[in-house]
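Asks: Test case, fold it:
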Amino acid sequence: MDFNLDVEYRGDLSIVKVFGEVDISTAPLLDACLQEIIAAGYTRLAIDLENCRYFDSEGLKTLIRIRKSAGEPGRIAICGARGMVSRMFQISGLDAVFSILPTVDDLNSSDSGM
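Replies: Below is the predicted model:
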C-alpha cells in the first residue's frame, strides 16, 4: 500500500498532508484521521494533496462526509491538487464546494475563505 499521512498543527488550523494514493483501501484511513482532528475541536482543516498522485471516488466521498461532520462551509481547503487529482474535483463539481488552493501557503491569503 502506497499511502501515508502527516498532520501538522498551526493554531486552530490542522494540515493533513496526503502521500501516495487514496482509493477504496486507503480512504478509510484518511477518514479516521480527519474525523479524529474534527473531534479534537480543530476549526480549520487543510488537506494537502501535493504529494498525492491518485484520488478516486472513495476519497471524494470521504471529503464530503468530513465536510458534513465539520459543519461550517469554507473551513476545509484542498491544497496542491494537480493533474488527475485536480481533475477529479472538477469533474465531480466539488471544486465549487471546497476552497481549492494551489498550495498550503495560499491559506494565508485573504481570498482563501479560510
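Asks: Start from the N-terminal end of the protein and give the helices.
Replies: 27-39, 57-70, 83-92 (DSSP state H).
Asks: Can I get those in CSV including mean neighbour count, distance to Asp106 and mean pLDDT?
Replies: For glycine as for every other residue, the C-beta is placed from the backbone atoms N, C-alpha and C. Formatted as CSV, the helices of the chain follow (neighbours: other C-beta atoms under 10 Å; distance: least, C-beta to C-beta, whole Å; pLDDT from 0 to 100):
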stretch, mean neighbour count, distance to Asp106, mean pLDDT
helix 27-39, 17, 20, 96
helix 57-70, 17, 18, 93
helix 83-92, 15, 14, 96
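Asks: Now do the strand ranked longest in the chain against helix 27-39, angle only.
Replies: Scanning the chain for the longest strand, with DSSP state E as the assignment, gives strand 44-55. Counting by axes from the mean of the first three to the mean of the last three C-alpha atoms, to 10 degrees, strand 44-55 points 170 degrees away from the direction of helix 27-39.
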